[in-house]
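Enquirer: coordinates for the following, if possible.
(2 chains, ligands or ions: 1)
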Amino acid sequence: MTDTVSEKLRALFPDIEPQKVLDATVIDVEPERLMVVMERLKTYPDLDFSLLLDITAVDYLTYPGQQGGRFRVVYTLRNWKRNWLLQVRTPVADPELGLPTVSGLWGAADWAEREVYDQYGIRFQGHPDLRRILNHWQFEGHPLRKDYDIYKGQVCYEPDRLEKEIRARLAAKGIDQSTMSDINTEMMFLNLGPSHPATHGAIRIFTALDGETIMANVNEIGYLHRGFEKTAENRTYNQIIPLTDRLNYCSALMNNIAYVKAVESWLGIEITDRAMFMRVILGEFFRVQDHLVCLAANLVDMGGLTNYWYLYNEKEASYDFISRLTGARLTSSFTRIGGMYRDFYEGWEADLERQLQAIEKGVNDSLKLVLQNRIVHDRTQGTCVLSPEKALSYGYTGPNLRSTGIAFDLRKDNPYYHYDSFDFDIPIGSRGDIYDRIMVRFEEIFESIKIIRQAVKRIPAGPVFVDDHRVALPPKEQVYHKIEGLANHFKLIFEGVKTPAGEWYDSYEAANGELGFHFVSDGSGTPYKLKVRPPCFYAMSGFHEMIEGEMIADAIINLGSINIIGGELDR
Amino acid sequence: MALGLEARLGDSVLTTKLDEIINWGRQYSLWPMVFGTACCAIEFMSAAASQHDISRFGAEVVRFSPRQADLMLVCGTISYKQAPILKRIYEQMPHPRWVVAMGACASSGGIYDNYCTVQGIDTVIPVDVYISGCPPRPEAVLDALIAIQNKIQTESVLEDRHKDFKGILD
Ligand code: SF4
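Expert: Residues are numbered from 1 along each chain as shown, chains lettered A, B, ... in the order given. Model (predicted):
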């Protein structure tokens, strides 16, 4: 399939030589031609890369044997209909001059380019609002540059005012004070967060209101920026697993799986069948958990506290199973590169089945309260509608994208771990309103349970770790009695799993959408660079499009319905 | 936290009796304000949900307005960007007020020893009880609550706690 994309690219750009790296096709483009190429990629129906997944940069300052420029910007694109993944790489000669912005083509580029600017100091010419996004406004320097010291913290004394930004947004929408005085009202500015019960975490929502109607909205994130990417550059590959737990902490194990899957695919390691099935079972189980928390919190926002008890209590009960298996309730760290930390315990099937039944009951109870509920219908149907075009433009994936009617799911479109052999459906919405987002999640819970039950029936016996000395610790007898075993153990622990030098991107369908990892390896046991493609970040970047024109109370439940998790949003 | 009594009554038998009554009342009606930023907040949700049921300790009236709360639970990582907000909200709480740092991040920065994370919230506001863990189990939250209650027992209306505190933002 990817060959057709290479052919198409060659036909359009004869001088560009596409390479294939794992699932992705990679092309190198000179900065002068960037705009032309990007425009064609987006607009030519033959190519149709409607989804801009991520933009990041690489700083080659300390990369061994690196020739050429210091910075390179990488764009990750997807044609979701044909499962084409494309990475466009462009060298940046002078970060001050930077590159032209592509935010006119994809809405997602707005925040993505701001992040690159914030972290690497690369400017984007023509960007409408190029300022910091994760770090605070008083920050100096660019932390992901290789010459920025990881320990150099900078105190922030005052929050940003956001006044200029909201005025700019109002102006962009053609609203100014004179339109307001025409109708004899005054505009009101309302700030929600970053510490506000409705924001479910540290997000700041700033709105300009006409009565209760939102006329313009700007949002600020970064309050939970914990330096995941910089920290990862200072850890061995296996040491990063606990950090991934804390990305989307409502479904920690899914992040573990996504991360090790990305490393394994580069190493070319085929994990054992039992490990694959374990990952399917646990991944789906955590998808259910994630949706339970999202729905519980969202319904509380609407005033349905009973739903919270029905749904959250099942999550609480699931912790018994999870902690029995992994030793932790929330932060599981249960995968390793090459397999699973350990096998299921004896009698896990019964525990799991009991849990699934309890979840089904809780969800059905909650549905009884919701399905025929006038208040829920009136508040959610037709509010905060997101069109499929907008959703794609802003890089929405996962349940949020599917609620707009686009049936894109990596489990179906780019299956891994035998997903193609399971019988399950991809629920989609029809309007892209809050109701659809809620219902898609409810339905996905049942689909995931279906997958789990099939996988439990089919899971084969056998080891859960590959027998490959590159990643697997040698058995203890060898460590204690043989020098090779000891040396191997020592090297794996201290130097980490070594990956061949190169760059790659790999992704996984997490609870919130496409969770991707872009790695740069210099051949050592520590990633040279690791960038997360967080589904939440892009969902939040299009938030203002959904709520402008709606009521302020709808903005609250809309935020709950797109399921923003701070750890993943800000990393 | 002094009530203006010290001038009139001083350290006499009356104030010590008063202490006892006031402390007894405060102890069993703590109103927590949850400053939840990250993963630890999920575990606080569990502590408040039915299985662990924080109301057994009289602290179930979770307020999201600092002006109505006297116990601040900082659940989660505090970044430098967040720190001024934490401080402002702490200052909005009426006296007397207590602070619990829940989890490794709030206590010391946890696994995030880097450019954006505050290395312990006690560099910003005074902390009374620390909870270890990443995240701590809900039982540990309840344990911290009991520790605060015990601490309240030993306090006096005559003393102003933490009046000499100086943090990085002061
Ligand atoms: S202590 Fe651990 S669980 Fe708590 S906020 Fe920090 S990383 Fe998350």
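Enquirer: so which residues on chain B come close to the ligand?
Expert: Proximity of chain B to the ligand (CB under 6 Å from any ligand atom) is limited to residues B:Ala38, B:Cys39, B:Cys40, B:Gly76, B:Thr77, B:Gly103, B:Ala104, B:Cys105, B:Gly110, B:Cys134, B:Pro135. (Glycine included, C-beta is placed from N, CA and C.)
Enquirer: and the fourth one, what is it in contact with?
Expert: When the contact criterion is CB atoms under 8 Å, 6 or more residues apart in numbering or on different chains, the partners of B:Gly76 are A:Leu224, B:Phe35, B:Gly36, B:Thr37, B:Ala38, B:Cys39, B:Cys40, B:Ala41, B:Met102, B:Gly103, B:Cys105, B:Ala106.
Enquirer: any idea how far A:Tyr148 is from the residue nearest to the fifth one when sequence neighbours are not counted?
Expert: What that stands for is B:Ala38. Counting by CB to CB, 6 or more residues apart in numbering or on different chains, B:Ala38 lies nearest to B:Gly76, which is 3.2 Å off, once chain neighbours are set aside. Counting by CB to CB, to the nearest Å, the gap from B:Gly76 to A:Tyr148 is 25 Å.
Enquirer: poorly predicted segments of chain B, please.
Expert: B:1-14, B:158 (pLDDT under 70).
Enquirer: what residue lies at the spatial centre of it?
Expert: The residue lying closest to the centre of chain B (CA atoms, centre = their mean) is B:Val99, at 1.8 Å.
Enquirer: is it true that that residue touches B:Tyr130?
Expert: No - look at B:Val99 against B:Tyr130 with CB atoms under 8 Å: they stay out of range, at 9.8 Å.
Enquirer: hmm, which helix or strand of chain A has the shakiest average pLDDT?
Expert: Within chain A, no helix or strand scores below helix A:177-182, which has a mean of 68 by mean pLDDT, DSSP states H and E.
Enquirer: what comes up buried for the helix or strand just after it?
Expert: On the C-terminal side of helix A:177-182, the closest following helix or strand by DSSP states H and E is strand A:188-192. Of the residues in strand A:188-192, A:Leu192 count as buried by neighbour count, 16 or more other CB atoms under 10 Å in any protein chain shown.
Enquirer: and strand A:188-192, C-alpha only, in CSV?
Expert: Provided in CSV are the C-alpha atoms of strand A:188-192 (Å, rounded to 0.1, in the frame of the first residue of the first chain):
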residue,chain,number,x,y,z
MET,A,188,-18.0,40.5,29.7
PHE,A,189,-14.7,38.6,30.1
LEU,A,190,-14.9,35.4,32.1
ASN,A,191,-12.0,33.4,33.2
LEU,A,192,-12.3,29.7,34.2
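Enquirer: so what strands line up beside it?
Expert: Here strand A:188-192 has these sheet partners by DSSP bridges: strand A:204-210 (antiparallel).
Enquirer: gap between A:Arg279 and the ligand?
Expert: Using CB to the nearest ligand atom, to the nearest Å, one obtains 23 Å as the distance from A:Arg279 to the ligand.
Enquirer: that residue against A:Ile257, yeah?
Expert: Yes - contact criterion CB under 8 Å: A:Arg279 and A:Ile257 qualify, at 5.0 Å.
Enquirer: what residues are shared contacts of those two?
Expert: A:Thr335.
Enquirer: could you pull out the helices for chain B?
Expert: Applying DSSP state H to chain B gives helices spanning B:6-9, B:13-27, B:39-48, B:83-92, B:103-108, B:138-153.
Enquirer: spit out the contact partners of whatever residue of the stretch 351-500 of chain A ends up closest to the ligand.
Expert: Residue nearest to the ligand within the stretch 351-500 of chain A: A:Gly496 (21.5 Å; CB to the nearest ligand atom). Contact partners of A:Gly496, counting by CB under 8 Å, 6+ apart, are A:Thr236, A:Tyr237, A:Asn238, A:Gln239, A:Ser524, A:Gly525, A:Thr526.
Enquirer: are any of those buried, and which?
Expert: A:Thr236, A:Tyr237, A:Asn238, A:Gln239, A:Gly525, A:Thr526.
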